[in-house]
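1. what would the 3D arrangement of this be:
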Amino acid sequence: MKKFVIISLIFLALIIILPFITGLLYSPNNKIPGNYIGNKLEVKGRMMRYYQTGNGENIFFIHGSMGSVEDWEKLYPLVKDKYRVTAIDRPGMGFSDIEKNDYTLDGNAKIAREIISKLALKNVIIVGHSYGGAIALRMAIDYDENIKGYLLLAPLGYVIDDPTAGIFTTKMISIPIYGEGLLVFLDPIIGEAMVEKNLLKYMKGDESLFPENFIPFRKELWNKAIAMATRARQSDNYNKEIVKYSHKYRGIKHSVSIIVGDNDRKQLLLQCDRLAREIPDCKYVKLKAVNHYIQYARPNEVVKALEELSENN
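-> Numbering: from 1, shown residues only. Take a look at the predicted model:
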């Protein structure tokens with residue numbers, strides 16, 4: 001019995017101490033490989049990846065909970081002749097650095113504003129997808145005369161009940177340093193399967209509309225300790241933070257358009273319905289037989305909404 005207790009204590013010490021040591025030594029490689037698009041921009045000590053293409057009115061893309069500048073790949077060729085597009089890898093995602101205060105809507109919104117300022121973008125239309133839509137809403141609450149309007153694709157806007165958030169998937173991974181250390185060991189085992197499972201859920205019904213390499217590419221790019229830890233920490237902070245902002249939507253002064261697919265999660269559809277009622281003069285489009293990735297399933301609808309925002313403001 002004593003031997004069993006000693007072995008158990010050693011095992012417990014290893015699963016607690018080893019990830020902390022690994023997390024302390026972990027240093028993500030955020031250098032952009034030669035076969036990827038984009039450049040780096042220093043933002044208050046962070047090196048952030050961004051991608052620009054096209055000429056004309058400024059469009060600024062903010063991707064979702066996991067994602068990168070590639071999430072807008074179907075839109076780039078459709079808009080580059082009329083708009084100058086700027087897309088970013090949010091903090092901790094893709095090839096962008098992250099600091100301890102960046103795991104929030106507020107932190108992401110500040111970084112987005114700073115990049116817009118550093119790149120001297122004027123009269124910008126902000127496009128946010130999913131969690132990126134929640135970031136855009138956070139930006140819209142504080143009126144900025146440099147922003148022309150907001151286009152929200154399947155946005156989060158209120159408290160969510162996330163059945164995938166658990167002790168391991170959110171809480172343990174959210175622990176500073178320990179989370180990265182734990183993921184260094186676990187990502188090679190379960191990371192790619194988790195990425196694929198989530199993507200298939202959000203692609204369901206629209207699979208034929210995605211590029212052939214959509215899942216393989218994201219399994220490679222997203223299956224990194226820093227990205228997985230960032231997603232967990234954002235999820236852990238989200239509900240606590242959104243209650244501070246969601247009651248302010250009625251005071252938004254910018255033009256806002258929302259597009260959602262009717263095959264998306266019921267909880268998100270209800271949130272979009274509520275947002276459309278609470279945001280003044282909000283234009284709301286619900287697309288039939290479309291799931292979560294609207295920019296892949298209906299890119300022409302996104303372009304149409306951008307044109308309407310541009311012409312009417």
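
2. where are the low-confidence patches of the stretch 151-300 of the chain?
-> Residue ranges of the stretch 151-300 of the chain with pLDDT under 70: 163-170.

3. can you map out the helices along it?
-> Secondary structure of the stretch 151-300 of the chain (DSSP state H, counting those that start in this stretch): helices at 173-174, 178-186, 192-203, 214-222, 225-245, 266-278, 294-297, 299-311.

4. any chance of those helices in CSV, plus distance to residue 148 and mean neighbour count?
-> Heads up, the C-betas are built off the backbone N, CA and C, glycines and all. CSV is the format used below for the helices of the stretch 151-300 of the chain (distance: least, Cβ to Cβ, whole Å; neighbours: other Cβ atoms under 10 Å):
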stretch, distance to residue 148, mean neighbour count
helix 173-174, 36, 22
helix 178-186, 38, 21
helix 192-203, 29, 16
helix 214-222, 31, 17
helix 225-245, 21, 20
helix 266-278, 19, 17
helix 294-297, 19, 23
helix 299-311, 7, 17
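
5. can you say which of the ones you listed is nearest to residue 47?
-> helix 225-245 (13.0 Å; Cβ to Cβ).

6. between the closest one and helix 178-186, how many degrees?
-> Relative orientation of helix 225-245 versus helix 178-186 (axes from the mean of the first three to the mean of the last three Cα atoms, to 10 degrees): 140 degrees.

7. for residue 23, which of the helices of the stretch 151-300 of the chain is the nearest?
-> Per Cβ to Cβ, nearest to residue 23 of those: helix 178-186, 3.1 Å.

8. which residues sit against that closest one?
-> 16, 18-24, 26, 172-173, 191, 225-226, 228-229, 232-233 (Cβ atoms under 8 Å, 6 or more residues apart in numbering).

9. contacting residues for residue 125?
-> By Cβ under 8 Å, 6+ apart, the contact set of residue 125 is 57, 58, 59, 60, 147, 148, 149, 150, 151, 306, 309, 310.

10. with residue 174 instead?
-> Applying Cβ under 8 Å, 6+ apart to residue 174 gives the contacts 229, 232, 233, 236.

11. swap in 7 Å and give it another go.
-> By Cβ atoms under 7 Å, 6 or more residues apart in numbering, the residues touching residue 174 are 232, 233, 236.

12. ok, residue 290 next?
-> Applying Cβ under 7 Å, 6+ apart to residue 290 gives the contacts 206, 261, 262, 263, 297, 298.

13. just the buried residues from these, in ChimeraX please.
-> Applied in ChimeraX, the following selects the buried portion of the contacts of residue 290 according to 16 or more other Cβ atoms under 10 Å:
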select :206,261,263,297,298
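
14. look up how far residue 232 lies from the spatially most central residue of the chain.
-> The centre of the chain sits closest to residue 64, judged by Cα atoms, centre = their mean, with a distance of 2.3 Å. Using Cβ to Cβ, to the nearest Å, residue 64 is found at 15 Å from residue 232.

15. angles on the backbone of residue 91, please.
-> phi -50, psi 130 (degrees, to the nearest 10).

16. my guess is it contacts residue 110. True?
-> No. The pair residue 91 and residue 110 fails to qualify as a contact (Cβ atoms under 7 Å) at a distance of 9.9 Å.

17. and residue 98, helix, strand or coil?
-> At residue 98, secondary structure determined by DSSP: H, G, I helix; E, B strand; the rest coil is coil.

18. alright, I will stop here.
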